[in-house]
Structure formats: structure tokens, C-alpha cells
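1. compute the structure for the input listed below.
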Amino acid sequence: MAKKNDDLFRFLPKIDAQSPQGVLGRLKLGELKPTQNAVGMDEVNAKVTKIKEKDKDQLEDYLLPRAVPIIIGNGGKFYLIDHHHLTISLWRALKDPEVEIPVEVVRNWSSIEGNRFWKEMASNNWVYPFDAMGAGPFNPNTLKQHVNDLDNDIYRSLSWVVRQQYGYVKDPNNAIFAEFKWGSFFRTRVIFDQQLTYKGNAPGNLTLADIQKADPEDYGEKVGYALYLANSPEAAGLPGFVGRTR
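-> A predicted model of the protein is given here:
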């Protein structure tokens, strides 16, 4: 018999402000605080589709090896430092912030608060205080408070598409925020025609899927150019670079 959403991961301990570093446990989706302001909605939409296709047992098998890494800090709050796309996808697919998911405590800094906490986070590259347009850094107090509030960064989506086509690889030694670094690289070099001609009320909601549907020729050309750039000497030094250096 398939499990109910609220039965998932009951075998894991409930994480609280005293949970030590290295513990694998469970937290509600709604308790997780982002450490970035944006995601690539193309990747999110793909994950939402995948999650909706799973029954509860399959979802448990899918999530257990993908425990969300968290930092406990600022008086016992829970900050995710990776898997933002997974958590917002779960929120949108399951529509239940009370669902508990597996998390791993990377550090317990519950006694560290305010500026000192954020300085420690920044020194470990565990916060990305930029907005969906690449502007920043901003004061971390302006970060989104819930994963479902994250904005759309089309260049984060482009970096995902390029990685899916093996333009670079996910470097396990330099994985956190790597796709945003690639997105920043593409932001000043790749401009889709639809970005210049879009007449919708919310241009920030424009996705690569929208562009591909509206102008497949320009989409193919610009993604091809992004793949070329990813393999060029200009991209050398970015995490997961596999191209030529000369």
C-alpha cells in the first residue's frame, strides 16, 4: 500500500535547533529558508513533471539519496545551501508545505546570528545574494523567505540546458552555485530575440521553453552559441569546464 505524504521519512529523526552536524533527518518543506533568490524555471518545470509521475514509494526512493544539505543558524532557523530547484519543485508538485523531506545537517551554527552568521556563510560560499537579473550582492536580509517565492532567472536555465548537453560537467568539488556562475557568464554574451521583443506583463516569467516555442530557429542558434562559448577559452576557470584552453 502506497504511503501518504505525511508518512514519508517517519523513520528519520525530526531535525531541531540542537541537531548535530552530520545528522540525516527530516524537516517540513515550509521550514526551509533559501540562500539564493532565483532558480531556472525550465529546470523546475521539468522536475515538477517528474515528481508528479511518482507514487509515494517512488518519491521516497527518489528523495532519500537527495537529502537537502542545511545549515542551522540565526537562532535555530534552517537554511538550505543546495537543492533549491528540488525543493521548489516539490512544493509546486505536491502543493503541501507540511510534507517532510530528508535533510542533512552540514553545520549547526544556531548560536551564531546576524552579520556574523552571514559572514560565515559567505566565507564558505553558502549564500548567493544576487537577484534574478544578476544584480548584487545585496544584504542577505533581503533573501526570499520561502522556496516558493524564488524568482525566475532565464540564464540559470540556460546554464542547465548547456550542462544537459555536456557543455560542462557538474564538478563535485565545486558544485554549489556553479550553474549561477555559468549563468553570469552567459548573461552578457547570449541574448535571445524574444527577450527584446517580449510584450508580456511579467518579462521575468519568460522561460526558455517559451522562447523555443515562439522562435525555434533563434532558440537553436543561441543555445548552439552558448555551447560554443562553454567550450571556448573564455570559459576556462569556470567550474566543470571541459573545453579547450587555447
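2. hey, let's count contacts and neighbours off CA atoms from now on
-> Fine.
3. packing partners for the lengthiest strand in the chain?
-> Under DSSP state E, the strand in the chain containing the largest number of residues is strand 100-109. Packed against strand 100-109 by the contact rule (3 or more CA pairs under 8 Å, 6 or more residues apart in numbering; DSSP states H and E) you find strand 24-28, strand 68-73.
4. could you list the paired strands of whichever helix or strand comes after the last one along with their orientation?
-> Secondary structure here is assigned by DSSP states H and E; on that basis, the next helix or strand after strand 68-73 toward the C-terminus is strand 77-80. Here the strand partners of strand 77-80, with direction, are listed using DSSP bridges: strand 32-33 (parallel), strand 68-73 (antiparallel).
5. which stretches of this structure form helices?
-> Along the chain, the segments classed as helices by DSSP state H run 41-52, 56-63, 84-94, 114-123, 154-164, 178-187, 193-197, 208-214, 216-230.
6. where does pLDDT dip in this structure?
-> 1-6, 174, 201, 203, 246 (pLDDT under 70).
7. hmm, 80 instead?
-> Scanning the chain for pLDDT under 80 picks out 1-7, 171-176, 199-203, 245-246.
8. what sits against Gln21?
-> Val105, Val106, Arg107, Asn108 (CA atoms under 8 Å, 6 or more residues apart in numbering).
9. please identify which of those residues is nearest to Lys170.
-> Lowest distance from Lys170 to the contacts of Gln21 (CA to CA) belongs to Val106, with 20.1 Å.
10. quick check: the residue nearest to Gln36 when sequence neighbours are not counted vs Lys144, distance?
-> Counting by CA to CA, 6 or more residues apart in numbering, Gln36 lies nearest to Tyr128, which is 4.9 Å off, once chain neighbours are set aside. Tyr128 sits 11 Å away from Lys144, taking CA to CA, to the nearest Å as the criterion.
11. please apply the same query to Asn152.
-> From Asn152 over to Lys144 the distance is 12 Å, taken as CA to CA.
12. tally of neighbours for the residue nearest to Gln36?
-> The tally of other residues near Tyr128 (other CA atoms under 10 Å) stands at 22.
13. show me the contacts for it.
-> Neighbouring residues of Tyr128 by CA under 8 Å, 6+ apart: Thr35, Gln36, Asn37, Pro137, Phe177.
14. in PDB, list the C-alpha atoms belonging to stretch 209-223.
-> C-alpha atoms of stretch 209-223 as PDB (Å, rounded to 0.1, in the frame of the first residue of the first chain):
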ATOM      1  CA  ALA A 209      10.500  26.800 -23.300                       C
ATOM      2  CA  ASP A 210       8.500  29.900 -24.200                       C
ATOM      3  CA  ILE A 211      11.300  31.100 -26.400                       C
ATOM      4  CA  GLN A 212      11.700  27.700 -28.100                       C
ATOM      5  CA  LYS A 213       8.000  27.600 -28.800                       C
ATOM      6  CA  ALA A 214       7.900  31.200 -30.200                       C
ATOM      7  CA  ASP A 215      11.100  31.200 -32.200                       C
ATOM      8  CA  PRO A 216      12.700  27.800 -32.500                       C
ATOM      9  CA  GLU A 217      15.300  29.000 -35.000                       C
ATOM     10  CA  ASP A 218      16.600  31.700 -32.800                       C
ATOM     11  CA  TYR A 219      16.500  29.300 -29.800                       C
ATOM     12  CA  GLY A 220      18.500  26.700 -31.600                       C
ATOM     13  CA  GLU A 221      21.000  29.300 -32.800                       C
ATOM     14  CA  LYS A 222      21.600  30.900 -29.400                       C
ATOM     15  CA  VAL A 223      21.800  27.600 -27.500                       C
END
